[in-house]
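Q: task: produce atomic coordinates for the following.
(chains A and B)
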Number of protein chains: 2
Amino acid sequence: MSENKIPYKIYLDESEMPKAWYNLRADMKNKPAPLLNPGTLEPMTAQELGEVFCNELVKQELDDTTPFFEIPREIRDFYKMYRPSPLVRAYCLEQKLGTPAKIYYKFEGNNTSGSHKLNSAIAQAYYAKQQGLKGVTTETGAGQWGTALSMACSYLGLDCKVYMVKCSYEQKPFRREVMKVYGANVTPSPSDTTQVGRKILAEFPGTGGSLGCAISEAVEAATSMPGYRYVLGSVLSQVMLHQSVIGLETKAAMEKYGVKPDIIIGCAGGGSNLGGLIAPFMGEKLRGEADYRIIAVEPASCPSFTRGEYRYDFCDTGKVCPLAKMYTLGSSFMPSADHAGGLRFHGMSSVLSQLYDDGHMEAVSVKQTDVFQAAEDFARIEGILPAPESSHAILTAVNEAMRCKETGEEKTILFGLTGTGYFDLAAYQKFHEGIMTNTVPTDQDIAASLAKLPKV
Amino acid sequence: MSENKIPYKIYLDESEMPKAWYNLRADMKNKPAPLLNPGTLEPMTAQELGEVFCNELVKQELDDTTPFFEIPREIRDFYKMYRPSPLVRAYCLEQKLGTPAKIYYKFEGNNTSGSHKLNSAIAQAYYAKQQGLKGVTTETGAGQWGTALSMACSYLGLDCKVYMVKCSYEQKPFRREVMKVYGANVTPSPSDTTQVGRKILAEFPGTGGSLGCAISEAVEAATSMPGYRYVLGSVLSQVMLHQSVIGLETKAAMEKYGVKPDIIIGCAGGGSNLGGLIAPFMGEKLRGEADYRIIAVEPASCPSFTRGEYRYDFCDTGKVCPLAKMYTLGSSFMPSADHAGGLRFHGMSSVLSQLYDDGHMEAVSVKQTDVFQAAEDFARIEGILPAPESSHAILTAVNEAMRCKETGEEKTILFGLTGTGYFDLAAYQKFHEGIMTNTVPTDQDIAASLAKLPKV
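A: This next block holds a predicted model:
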């Protein structure tokens, strides 16, 4: 095994790291539809967006023609603290499966936030700092995004207010504590610090909160405090832009060894990891320079691509955010309470939605117990404890590799390993105890949720 | 900052990774004293040791003349899954401190076990497998070693029985769960699976257990089941040997850029990390080829080097293990209950003890609240959430760098960042809440514990 020319882990040199983000929209013939104002249902103007997001990010959000955005020096310096991330050749997994396929994964979990979210967190915090703002607000559910943003803000000396879904705040004290290590102000949501929070508390005094409510509080806090803006860790086109660093590094690392993937696989919740990983490959595909099979993997309990509709919907349950045209299960959709595997957003990035609708990529959904089995197998074979989110991609990569074993094809499979599972051990425990289930929404559940949407 | 020739992270190529471990004892004029049989107080023979440890490890334990041991191919392949570990140039920390010192750290936390312990775990598991054994037993307190051993055994298909101190088992369910991901059999200690466990349970039905008791159970389990041996994650000379991979990689990475450290700093509990990091540097020093200041850092609440005596003592509280000549606080010494920072072993590696006694290295002790403050500062500046253990070295490195700031000296400081703090957030929380204290043993405490030792 060790005589192979390709090492177990390919690290780019610092000098080979991307100096610009790639804006996939520039190469799309059918551009993603614009965000709409939730009040007027008209396209959001830069000015309207500027009340919520900081100016440079608004520019990035609205620009669908400029192919590259230079990564500012300060962000590149920050990236060097945890990037380049390794591209791993999964020799052990290949051997264990006995497949002729060659498997690679881009591992984004080797930083304290534990996931790829940090790539966009530092960019968003940086532009807020550049604009002379005091701080940013956001919401967090499981805590990956909140941790990443806390780290970025701490580095830049920016105030960071995180509204954390109350039941997570109580059930995940360690996630909360990591954010506090980074000096973030973490408030369980709903809280009495915002109007919307007080209203919900008055109505439902014992509620454990929801992501929708936390978003509403974070947006209210940002827009009511001078010098603050709101930031979001997925779904938005600006986030896809920043996350392109994943795909750009991956492509550079593969090209260094003359490798080209046949199949590219990523898990998909809001789409930030998948969009980032596939960006430069999809660009080649759209320009007719190469062809790749690209597969989005989603949980069967939150199947926006495979069972949702492509239409305008709110990005949040509270309906305070702009509407996006996307594959969606409806903004009031909630995955079953037994769902532990992340990727629980009801919709999907507009960029990815348009690409999927245009037939440039496939989507599959997988069952959560299969996902955790794949996660545990992977941990034992490759040594890394994966996040449940990432394990959706692992499972699908293994399935494709086993198909190669049947057909004898030596395909090259690339997947995104977005993060680590250190903070998901309660879910692993559920899996070990055999009490994890696989509830999927009925057609009626989805139809009911979609029926509540405005007709745009 | 980015124009510097030396990158933020230096990764060796796979071809540059060490192919042999370095046995520091070979270069020691004063060899460490032999282990003694706890019954006869005579030096342990290979045969006696072979009842507890597997044969190849006994050979390594007893060999103080062979300078290099080839690392078997299978272990090198496993190392490639998570090694080489990065040698990081702490540019951000240097800038923040405004020091002319150049700071480097070798980061051993980028693997799922979260620490350097995996380096020896895979070696010990490998030799057990080679000997045709069914499995190994061990004890674990905080869980770092147990996790590392579980990963190694899972990779090799070896059974792994971990006796975990009962209060840790209950208070650290996630540590326990990681071990279960890797298929380990984790038993809270004391348990009814061993004679010694049943005896203790009968006497103290409500006890939360102790490391000493867990060791006794693990040794009994290993010696009473055919095909099992006991393994230990620190203190032993074989462990120092395996951990030399840390120092060998570090030295190779520094030499690649023409860098030589002036000061080398490592935290010290049983000594496995410190011994591994300094090994090749200390070798040069002993051979008169170079000079380095080498500093061991220990917690003020468990100060074996700085306040202990150099004499024979049992390696375990239960007095079933051999005696080692070492700096010790006495095997009945227990650090104060408010001590949360790891490194709680009462003694110190015989190899390091002899080197310290011969004046080849220094030792300092530090207060735990200072350690946690250094840990939090480091997390914010360098982006990595450090283990409390590692943070002893961080604090001392920062102190040395500040001394350089005063004197204007451009010294090169190297320290070992042994692991991550993902499973130590309860301690961080205590620190944030301001309820962490700094109880240190009185002279009477230490004298009382030492008075119980046999006169050898």
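
Q: who's in contact with the most centrally placed residue in chain A?
A: Nearest to the mean C-alpha position of chain A, by Cα atoms, centre = their mean, lies A:Ser272 at 3.5 Å. Taking Cβ atoms under 8 Å, 6 or more residues apart in numbering or on different chains, we find A:Ser272 in contact with A:His116, A:Lys117, A:Ser120, A:Gly233, A:Ser234, A:Val235, A:Val239, A:Met240, A:Gln243, A:Ser349. From N, CA and C alone the C-beta is placed, and that goes for glycine too.

Q: for chain B, state which of the residues you listed is nearest.
A: A:Lys117 (13.5 Å; Cβ to the nearest Cβ).

Q: wouldn't that closest one be in contact with A:Leu232 here?
A: No. Look at A:Lys117 against A:Leu232 with Cβ atoms under 8 Å: they stay out of range, at 10.8 Å.

Q: quick check: residues of the stretch 151-300 of chain A near chain B?
A: A:Met151, A:Ser154, A:Tyr155, A:Pro173, A:Phe174, A:Glu177, A:Val178, A:Lys180, A:Val181, A:Tyr182, A:Gly183 (Cβ under 8 Å from any Cβ of the partner chain).

Q: just say helix, strand or coil for the first one.
A: In terms of secondary structure, A:Met151 is helix; the call rests on DSSP: H, G, I helix; E, B strand; the rest coil.

Q: hang on, it packs against A:Tyr182?
A: Yes. Taking Cβ under 8 Å as the definition, A:Met151 is a contact partner of A:Tyr182 at 5.2 Å.

Q: between these two, who's got more neighbours?
A: A:Met151 (33 against 26; other Cβ atoms under 10 Å in any protein chain shown).

Q: show the contacting residues for A:Glu220.
A: A:Thr194, A:Gln195, A:Val196, A:Val320.

Q: got a pLDDT number for the spatially closest residue to the second one that is not a sequence neighbour?
A: I take that to be A:Gln195. Nearest non-adjacent residue to A:Gln195, counting by Cβ to Cβ, 6 or more residues apart in numbering or on different chains: A:Glu220, 6.3 Å away. A:Glu220 is assigned a pLDDT of 92 by the prediction.

Q: now do the one 4 residues further on
A: Confidence at A:Ser224, expressed as pLDDT, is 94.

Q: related to what we said a few turns ago, which one of A:Lys117 and A:Leu232 is surrounded by more residues?
A: Taking neighbours as other Cβ under 10 Å, A:Lys117 and A:Leu232 compare with A:Lys117 leading, 29 against 25.

Q: show me the residues around the more buried one that make contact.
A: A:Gln144, A:Trp145, A:Thr147, A:Ala148, A:Leu149, A:Gly233, A:Ser272.

Q: can you work out which other helices and strands pack against the lowest-mean-pLDDT helix or strand in chain A?
A: Lowest on mean pLDDT, DSSP states H and E among the helices and strands of chain A sits helix A:166-171, with a mean of 87. Here helix A:166-171 touches strand A:185-189, going by 3 or more Cβ pairs under 8 Å, 6 or more residues apart in numbering or on different chains; DSSP states H and E.

Q: what angle separates the helix or strand just after the strand it packs on from strand A:185-189?
A: Using DSSP states H and E, the helix or strand that directly follows strand A:185-189 along the chain is helix A:195-203. Interaxial angle, helix A:195-203 versus strand A:185-189 (axes from the mean of the first three to the mean of the last three Cα atoms, to 10 degrees): 40 degrees.

Q: helix A:195-203: what's the following helix or strand?
A: Next along from helix A:195-203, by DSSP H and E: helix A:211-224.

Q: for that next one, could you pull out the residues that count as buried?
A: Going by neighbour count (16 or more other Cβ atoms under 10 Å in any protein chain shown), the buried part of helix A:211-224 is A:Leu211, A:Gly212, A:Cys213, A:Ala214, A:Ile215, A:Ser216, A:Glu217, A:Ala218, A:Val219, A:Glu220, A:Ala221, A:Ala222.

Q: which residues touch the second one?
A: So that's A:Gly212. A:Asp316, A:Thr317, A:Gly318, A:Ser331.

Q: quick one: which of these is most hemmed in?
A: Counting by other Cβ under 10 Å, top hit in those: A:Asp316 with 26 neighbours.

Q: for the residue nearest to that one when sequence neighbours are not counted, give its distance to chain B.
A: With sequence-adjacent residues excluded and distances taken as Cβ to Cβ, 6+ apart, A:Asp316 is closest to A:Ile215, at 4.3 Å. A:Ile215 sits 26 Å away from chain B, taking Cβ to the nearest Cβ, to the nearest Å as the criterion.

Q: got a list of what A:Ile215 touches?
A: A:Glu139, A:Tyr163, A:Asp316, A:Thr317, A:Gly318, A:Val320, A:Cys321.
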